[in-house]
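S.K.: model the following, please.
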Amino acid sequence: MSETIDLSGRRALVTGAGRGIGRGIAHRLAAAGCHVAVNDIDPTTAERTAAEVAALGRRSAAIPGDLARVADVHDVCDRAADALGGVDILVNNAGVSLCRAIVDCTEEDWDRHLDVMAKATFLTMRRLAPAMMARGWGRIVNLGSYVAQMNSTTRFFGPYCAAKFAIVGLTQVAAQEFAPSVTVNAVGPGDVDTEMMAREWEVEGERRAMDPAAVKEEYRRRLLLGRFERPDDIAGAVLFLCSPLGDQVTGSHLIVSGGLPFRAA
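M.R.: So this is what the prediction gives:
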């Protein structure tokens, strides 16, 4: 890149940042100069990531909360703004993933996916975007998915796919409504080597009577670029969208999937 990304003094809230992709995003933003408020449903992992941010010399705050609950969403947003003196960058990363056929899904399964991902994205943007617009600068990045594209959905992930399509739609509408001072984009990961992905390999292995390691290798072979993504790969895309290099990008769904849904020969 032709310039160093410097977000010194910017203040970010990253949801679901106790582990996996969210943790990687918190690290990347902090390394670029951001102060970071860390949300996670697990207080222990939230504290760990916040401590890692502080070790980089940034202000940080661990803010536990279950984003399926409206009161928790409002509390997380308000506490993040109080701890950092405002929120300039919002990354809606919190998510859940259940591998189950639609006919076997419960109403609770549906609600959990839509509440944690789509509804919480709506609520956090509604809570924090007005202050960003009033200050004249803001960046919002929502986590979509490669499955939230036409002809890319994945069986056994009905509620997940529905929630991710909803997030992409919200992103495109918000980009119009919050312009020109606030950009709103989505990043769509593929198969990222995380604890959540490992659970999918286990479930798929049980379904097909296969060793999870064999399932993992099968998944890897379908990647054009030959390796699973790491959390930092997704974090790099988020950092780009929050940086001056992404100033003219809004309303996009940037797919960072290693080539999915295409198959290597």
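S.K.: tell me the secondary structure for residue 147?
M.R.: At residue 147 the chain is in coil, as set by DSSP: H, G, I helix; E, B strand; the rest coil.
S.K.: any idea how far residue 172 is from it?
M.R.: 17 Å (C-beta to C-beta, to the nearest Å). C-betas here are computed from N, CA, C, even on glycine.
S.K.: who has more neighbours out of the two?
M.R.: Neighbour comparison, residue 147 and residue 172: the larger count goes to residue 147, with 19 against 16 (by other C-beta atoms under 10 Å).
S.K.: confidence score at that one?
M.R.: Here the pLDDT value assigned to residue 147 is 95.
S.K.: so it sits against residue 156, correct?
M.R.: No: if you go by C-beta atoms under 8 Å, residue 147 and residue 156 don't touch, sitting 11.2 Å apart.
S.K.: figure out how far the longest strand belonging to the chain is from the centre of its chain.
M.R.: In the chain, assigned by DSSP state E, the strand with the most residues is strand 182-189. On the basis of C-alpha atoms, centre = their mean, to the nearest Å, strand 182-189 sits 9 Å off its chain's mean C-alpha point.
S.K.: before we move on, what about stretch 254-265?
M.R.: 18 Å.
S.K.: quick one: mean pLDDT for that stretch?
M.R.: 87.
S.K.: what about dumping the CA coordinates of that stretch to PDB?
M.R.: This file holds the C-alpha atoms of stretch 254-265, laid out as PDB (Å, rounded to 0.1, in the frame of the first residue of the first chain):
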ATOM      1  CA  LEU A 254     -16.700  -7.000   0.200                       C
ATOM      2  CA  ILE A 255     -16.400 -10.800  -0.100                       C
ATOM      3  CA  VAL A 256     -13.200 -12.100   1.500                       C
ATOM      4  CA  SER A 257     -13.600 -15.800   1.000                       C
ATOM      5  CA  GLY A 258     -10.500 -17.300  -0.500                       C
ATOM      6  CA  GLY A 259     -12.500 -17.800  -3.700                       C
ATOM      7  CA  LEU A 260     -15.800 -19.300  -2.300                       C
ATOM      8  CA  PRO A 261     -18.200 -20.200  -3.700                       C
ATOM      9  CA  PHE A 262     -16.100 -21.200  -6.700                       C
ATOM     10  CA  ARG A 263     -14.300 -24.600  -6.700                       C
ATOM     11  CA  ALA A 264     -10.700 -25.300  -7.400                       C
ATOM     12  CA  ALA A 265     -10.100 -27.600 -10.300                       C
END
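S.K.: let me see the ranges of the helices in the protein.
M.R.: Along the chain, counting by DSSP state H, helices occupy 20-31, 43-55, 70-84, 107-113, 120-135, 158-178, 195-208, 212-221, 231-242.
S.K.: how far does the longest one sit from its chain's centre?
M.R.: With C-alpha atoms, centre = their mean as the basis, the distance from the averaged C-alpha position of helix 158-178 to the chain average is 13 Å.
S.K.: likewise the last one?
M.R.: Here the centre of helix 231-242 is set off from its chain's centre by 10 Å, with C-alpha atoms, centre = their mean.
S.K.: which elements pack onto it?
M.R.: Secondary-structure packing of helix 231-242 (3 or more C-beta pairs under 8 Å, 6 or more residues apart in numbering; DSSP states H and E): helix 20-31, strand 138-143, strand 182-189, strand 253-256.
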